[in-house]
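In: model this:
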Amino acid sequence: MIIRLLVPALAFADTLAAQTFIQMSLFGTYTKNEGFAHETVNFDFAIATVNRLKPAFVIVTGYVINKPGDAAQAAEYQRIAVKPDPKIQFFSVPGNYDVNNEPTGESLVRYRQLIGPDYYTFRNGPPLTASDPVSSCSQ
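Out: Next comes the predicted model:
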C-alpha cells in the first residue's frame with residue numbers, strides 16, 4: 001500500500017518541481033553605498049532557500065546593485081549568484097538602480113559587462129503543442 005502511494009507522490013513531486021520558480025529582488029539596498037554585509041547575508045540566505053526548494057528556475061528582477069556601475073557591488077552579487085545548484089536556471093534582469101533610473105545604451109552595456117544579459121528568452125519544460133480544432137473535426 002505504501003509503495004502504491006509513494007510512487008505517484010514522487011512522480012507528482014518531480015512534476016511540481018518542474019513547474020515552480022522563484023522570483024526575487026531588492027538585494028541592493030546597500031546602506032548609503034558604504035558596504036553590503038547585510039545584503040550578503042540576505043542573499044546567501046535566499047540562495048540557500050533556492051537550493052533547498054529546488055525550483056526549475058530563479059529570476060532576480062532588479063536591484064542587484066544600488067549604485068549603477070559599481071564594480072564592488074556587482075562582484076559581490078556575482079560571487080553569490082553562482083551558488084545555486086547548477087541544475088537550477090538563474091536569470092538576472094536589471095531594475096532601475098542597476099541601469100540608472102532611465103536606462104541608456106551606456107548603462108545597459110555596463111550592466112551587461114558587470115552582471116550579464118539584460119533580457120532573456122527561455123522555455124521551461126517540453127514544447128507546447130496545439131491542434132487546429134477545425135481540422136480535427138470529422139466532416
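In: The protein: strands as residue ranges?
Out: Using DSSP state E, the strands found in the chain span residues 21-24, 57-61, 89-93.
In: Just the mean pLDDT for the first one, thanks.
Out: Strand 21-24 shows a mean pLDDT of 91.
In: mind listing what that strand pairs with, with the direction of each?
Out: If you go by DSSP bridges, strand 21-24 pairs up with strand 57-61 (parallel).
In: now the partner strand, how far from the chain's geometric center?
Out: 2 Å (CA atoms, centre = their mean, to the nearest Å).
In: Give the rounded mean pLDDT of it.
Out: Averaging pLDDT along strand 57-61 yields 91.
In: what does it contact?
Out: Residues outside strand 57-61 that contact it (CB atoms under 8 Å, 6 or more residues apart in numbering): 21-25, 27, 50, 81, 84, 88-93, 95, 122, 124. Glycine gets a C-beta too; all of them are placed from N, C-alpha and C.
In: So which bits of that strand are buried?
Out: Buried positions in strand 57-61, judged by neighbour count with 16 or more other CB atoms under 10 Å: 57-60.
In: cool, and stretch 49-65?
Out: Result for stretch 49-65 [16+ other CB under 10 Å]: buried residues 50, 55-60, 62-65.
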